[in-house]
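1. any chance you could fold what I've pasted below:
(one chain, ligands or ions: 1)
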Amino acid sequence: MACGAELNRTRFAPSPTGPLHLGHAFAALTAARLADPGQFLLRIEDIDQSRCRPEYEALIAQDLHWLGLDWPQPVMRQSERLPAYQAALDRLAALGLTYPCRCRRADIRAALSAPQEGAAQAIGPDGPVYPGTCRHRPMADAGPDDAIRLDAARAFRHLGLDEIAFLDENVAPGLPHRLSAQDFIAGIGDVVLARRGMGTSYHLSVVVDDAAQGITLVTRGKDLLDSTWIHVLLQNLLELPTPRYHHHRLIRDDQGKRLAKRDDARALKLFRDEGTSADEIRRRLGF
Ligand code: GLU
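-> Numbers count the residues shown, from 1 in each chain. Here you go, the predicted structure:
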């Protein structure tokens, strides 16, 4: 497009692992408010089939309709998208940027607690930075017991980039957020792209799907700000556009504790059953 602002297409992407709470309502209302008419999408993030339940998926639609939201059909469901994730993984593997990893959490903890030359252990968005135990293993060696990791140093060498960047309209708007290759490698490291027995991961799926759905503005909580580096790196490697971002505040309970999905007491359904109106909820959240 030669002129005019880019259309805002946003999405709300819950996992049906529990009832939606006020934090989800805030996220969904934010995505809907920032979308241009008809450009608010729903995506069901159900790759972890052991934790997802159809009844929660039905409840998501009920809760969102109750809040006054609507979205185009059909809804994208990640459990139906495994071939797309596999294709992305194959592409990264063909570039020589992935390796199979058989380490369990306990192996990683043990490797990290072995005496090393000083350095304090970095914690990335997915936990302790992987020490690279399996990095030498070829993809030809990959078996059903392996996860697949991205070799971050190689990925940056492949791209010939010494930093990556994205724009956030809410956190330091107008200023690009930048991270050097060095800081990515030291502070985030070789992330898992496909979890064992799952064929994908949150990071890989979200990148492939945001591109497939033509999302131009990703809205989500600030707790995912650091994960965005992983997504931007993957977008570069897969030659996908980097959308704009809007990482919003998190909704906390009266004690200042972040609302977790398990916090059933705050489920939207309970407010609804108690006779609270959707307008009251919207007002309480500032909409
Ligand atoms: N399924 C993710 C969540 O519920 C979505 C995160 C995102 O919007 O990228 O946290």
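
2. from here on, contacts and neighbour counts on C-alpha atoms
-> Noted.

3. how near is residue 278 to residue 66?
-> Noted for residue 278: a distance of 6 Å to residue 66, by C-alpha to C-alpha, to the nearest Å.

4. how about residue 174, what does it touch?
-> Residues in contact with residue 174 (C-alpha atoms under 8 Å, 6 or more residues apart in numbering) are 167, 168.

5. which element is it on?
-> Secondary structure from DSSP states H and E places residue 174 outside every helix and strand.

6. next one, pLDDT for it please.
-> At residue 174 the predicted local confidence, pLDDT, stands at 90.

7. got the phi and psi for it?
-> With angles defined as degrees, to the nearest 10, residue 174 sits at phi 90, psi -20.

8. same question, residue 279
-> phi -60, psi -40.

9. and the residue of the stretch 51-200 of the chain at minimum distance from the ligand, what does it touch?
-> Using C-alpha to the nearest ligand atom, the single residue of the stretch 51-200 of the chain nearest to the ligand is residue 78, 10.0 Å away. Contacts of residue 78 were listed using C-alpha under 8 Å, 6+ apart, and they are 43, 44, 45, 46, 47, 205.

10. which of the residues you listed are close to the ligand?
-> The residues of the contacts of residue 78 that also fall near the ligand, by C-alpha under 6 Å from any ligand atom, are residue 45.

11. quick check: residues of this structure near the ligand?
-> Along the chain, the residues adjacent to the ligand under the rule C-alpha under 6 Å from any ligand atom are 13, 14, 15, 45, 220.

12. narrow these to those in strands?
-> Under the assignment DSSP state E, the residues of the chain next to the ligand contribute residue 220 to strands.

13. where does this protein have low pLDDT?
-> Scanning the chain for pLDDT under 70 picks out the ranges 1-4, 115-120, 260-265.

14. repeat that with 50
-> Along the chain, the parts satisfying pLDDT under 50 run over 1-2.

15. and the residue of it nearest the ligand?
-> Closest contact between the chain and the ligand, by C-alpha to the nearest ligand atom, is at residue 14 (4.1 Å).

16. measure the nearest residue to residue 244 once chain neighbours are set aside to residue 66 for me?
-> In this structure, residue 244 finds its nearest non-sequential neighbour in residue 217, 4.7 Å apart by C-alpha to C-alpha, 6 or more residues apart in numbering. Using C-alpha to C-alpha, residue 217 is found at 24 Å from residue 66.

17. between these two, which is the more surrounded one?
-> A direct count of neighbours by other C-alpha atoms under 10 Å for residue 217 and residue 66 places residue 217 higher, at 23 against 16.

18. my guess is that one contacts residue 247. True?
-> No - using C-alpha atoms under 8 Å, residue 217 makes no contact with residue 247, being 10.1 Å away.

19. before we move on, back to that, can you flag which of the contacts of residue 78 belong to helices?
-> In helices, defined here by DSSP state H, the members of the contacts of residue 78 are residue 205.

20. as TSV, the contacts of residue 78 with neighbour count would be great.
-> As requested, the contacts of residue 78 are exported to TSV (neighbours: other C-alpha atoms under 10 Å):
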residue	neighbour count
43	20
44	18
45	23
46	22
47	22
205	25
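
21. what's the closest of the contacts of residue 78 to residue 213?
-> Within those, the smallest distance to residue 213 is 9.5 Å, found for residue 43 (C-alpha to C-alpha).

22. I'd guessed the closest one sits against residue 76; true?
-> Yes - using C-alpha under 8 Å, residue 43 is in contact with residue 76, at 5.0 Å.

23. quick check on residue 196: phi, psi?
-> Per-residue torsions, residue 196: phi -50, psi 130 (degrees, to the nearest 10).

24. now it. Nearest residue, chain neighbours left out?
-> The spatially closest residue to residue 196, leaving aside those adjacent along the chain, is residue 147, at 4.4 Å (C-alpha to C-alpha, 6+ apart).

25. now do residue 165
-> Once flanking residues are discounted, residue 165 sits nearest to residue 178: 4.4 Å by C-alpha to C-alpha, 6+ apart.

26. how about the secondary structure of that neighbour?
-> For residue 178, the assignment made with DSSP: H, G, I helix; E, B strand; the rest coil gives strand.

27. and residue 49, what is it in contact with?
-> By C-alpha under 8 Å, 6+ apart, the contact set of residue 49 is residue 79.

28. shouldn't it be within a helix?
-> No - the assignment for residue 49 (three-state DSSP) gives coil, which keeps it out of a helix.
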